[in-house]
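1. sequence isn't available, so here's the structure alone:
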């Protein structure tokens, strides 16, 4: 019995003694640079958002996916001095949608959640900027 599950970014695989006794039938395949499913990170080389990035935790495809995409896109492309300050309406719509699905989107204390979301987006944005600078300097 081989069981595989994802925990954070790590993959945990449980194998039985029998699994270890039989030779592997795995084939190694060279990386395909044109593979559209290759993990690119949150921001694609062209600067677009990679909605398939596992780092988004499926938020882009859930029942509030459109609201999430709208809010996150607005934040990502925001040119305001206080980044994302022009996205209040989109984030409010996303929050209202999420409140309709408490099982999928557990609600923390409302102020804590807003603070956490804003910090998460800020960190994500900073990481994307750093990655872009890194690429540009090479």
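-> Sure thing, it's come through. Only a predicted model underlies this, so the values are computations on that prediction, with no experimental measurement involved.

2. wasn't residue 102 part of a strand?
-> No. Counting by DSSP: H, G, I helix; E, B strand; the rest coil, residue 102 is not part of a strand but coil.

3. quick check: it vs residue 92, distance?
-> As defined by Cβ to Cβ, to the nearest Å, residue 102 lies at a distance of 17 Å from residue 92. Glycine gets a C-beta too; all of them are placed from N, C-alpha and C.

4. more neighbours: those two, which one.
-> residue 92 (12 against 9; other Cβ atoms under 10 Å).

5. got a list of contacts for the host helix or strand of that one?
-> Element membership for residue 92 (DSSP states H and E) is helix 88-99. For helix 88-99, the external contacting residues (Cβ atoms under 8 Å, 6 or more residues apart in numbering) are 63-64, 67-68, 70-71, 74-75, 84, 104-105, 107, 114, 117.

6. check which residues of that helix are buried.
-> By neighbour count on 16 or more other Cβ atoms under 10 Å, the buried set for helix 88-99 is 90-91, 93-95, 97-98.

7. reformat the residues you listed as TSV; add pLDDT and distance to residue 48.
-> Listed next are those as TSV, based on pLDDT from 0 to 100; distance: Cβ to Cβ, whole Å:
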residue	pLDDT	distance to residue 48
90	96	18
91	96	20
93	96	22
94	96	20
95	95	25
97	95	23
98	94	24
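
8. turn those into a markdown table, including distance to residue 80.
-> What follows is these, written out as a markdown table (distance: Cβ to Cβ, whole Å):
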| residue | distance to residue 80 |
| --- | --- |
| 90 | 13 |
| 91 | 13 |
| 93 | 18 |
| 94 | 18 |
| 95 | 19 |
| 97 | 23 |
| 98 | 24 |
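
9. which of those residues lies closest to residue 56?
-> residue 94 (13.0 Å; Cβ to Cβ).

10. any idea how far that closest one is from residue 87?
-> 10 Å.

11. any residues in contact with both of those two?
-> residue 71.

12. show me the helices in this structure, by range?
-> Assigned by DSSP state H, the chain shows helices spanning 17-21, 65-77, 88-99, 110-137.

13. quick check: buried residues in the second one?
-> Within helix 65-77, the residues scored as buried using 16+ other Cβ under 10 Å are 65, 67-72, 74-76.
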